[in-house]
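Asker: pasting the sequence and the predicted coordinates here, then a few questions.
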Amino acid sequence: MNEEKSQESSALGEVMVARIEIEEIGVAANEKEMTDSVTALPGVREVKIEKGAMHVTYDPLATTEKKIEQAVRSSGNTVKTAAADTETPHP
């Protein structure tokens, strides 16, 4: 029974990472507005902009990739592509 609870809590603790390509990336004012909008979402743990994309680490129980995309769009920017995956490898 303890093993079952341990597996359950580790699944609940899993985080997702979304990689979002945005047209206006590279413009400092746009990046600040985008990161502020995304960081304000519940469950977002980290936002980084590198290699021409925004990388968002988030709790999938608190927010979704779609909500992150909406936050980017609400800041006046255009999402080109988006993909999400778990941060830890699947067994």
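Answerer: Thanks, I have it. Residues are numbered from 1 along each chain as shown.

Asker: enumerate every residue touching the residue most central in space within the chain.
Answerer: Closest to where the C-alpha atoms of the chain average out (C-alpha atoms, centre = their mean) is V56, at 2.9 Å. Neighbour list for V56: 17-18, 20, 38, 44, 46-47, 68 [criterion: C-beta atoms under 8 Å, 6 or more residues apart in numbering]. Where you see a C-beta, it was placed from the backbone N, CA and C, and this is true even at glycine.

Asker: buried subset of the residues you listed?
Answerer: Buried by 16 or more other C-beta atoms under 10 Å: 17-18, 20, 38, 44, 47, 68, out of the contacts of V56.

Asker: need these in TSV (columns: secondary structure).
Answerer: Converted to TSV, those look like this (DSSP: H, G, I helix; E, B strand; the rest coil):
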residue	secondary structure
V17	strand
A18	strand
I20	strand
V38	helix
V44	strand
V47	strand
I68	helix
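
Asker: now, which of those residues sits nearest S74?
Answerer: V38 (9.8 Å; C-beta to C-beta).

Asker: contacts only, for the closest one.
Answerer: If you count contacts by C-beta under 8 Å, 6+ apart, then V38 has 44, 47, 54, 56, 68, 71-72 around it.

Asker: secondary structure element holding E46?
Answerer: Using DSSP states H and E, E46 maps to strand 44-50.

Asker: show me how far that strand is from its chain's centre.
Answerer: The chain centroid and the centroid of strand 44-50 are separated by 7 Å under C-alpha atoms, centre = their mean, to the nearest Å.

Asker: show the pLDDT at I49.
Answerer: Looking at I49, its pLDDT reads 91.

Asker: okay, and the nearest residue to it once chain neighbours are set aside sits in which element?
Answerer: Nearest non-adjacent residue to I49, counting by C-beta to C-beta, 6 or more residues apart in numbering: E31, 5.6 Å away. Per DSSP H and E, E31 falls inside helix 28-39.

Asker: can you pull the buried residues of that helix?
Answerer: So for helix 28-39, counting by 16+ other C-beta under 10 Å, buried means 30-31, 33-35, 37-38.

Asker: got those residues as a markdown table, with pLDDT and distance to T63 columns?
Answerer: As requested, those are exported to a markdown table (pLDDT from 0 to 100; distance: C-beta to C-beta, whole Å):
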| residue | pLDDT | distance to T63 |
| --- | --- | --- |
| N30 | 79 | 21 |
| E31 | 87 | 20 |
| E33 | 88 | 18 |
| M34 | 90 | 15 |
| T35 | 93 | 15 |
| S37 | 94 | 12 |
| V38 | 96 | 9 |
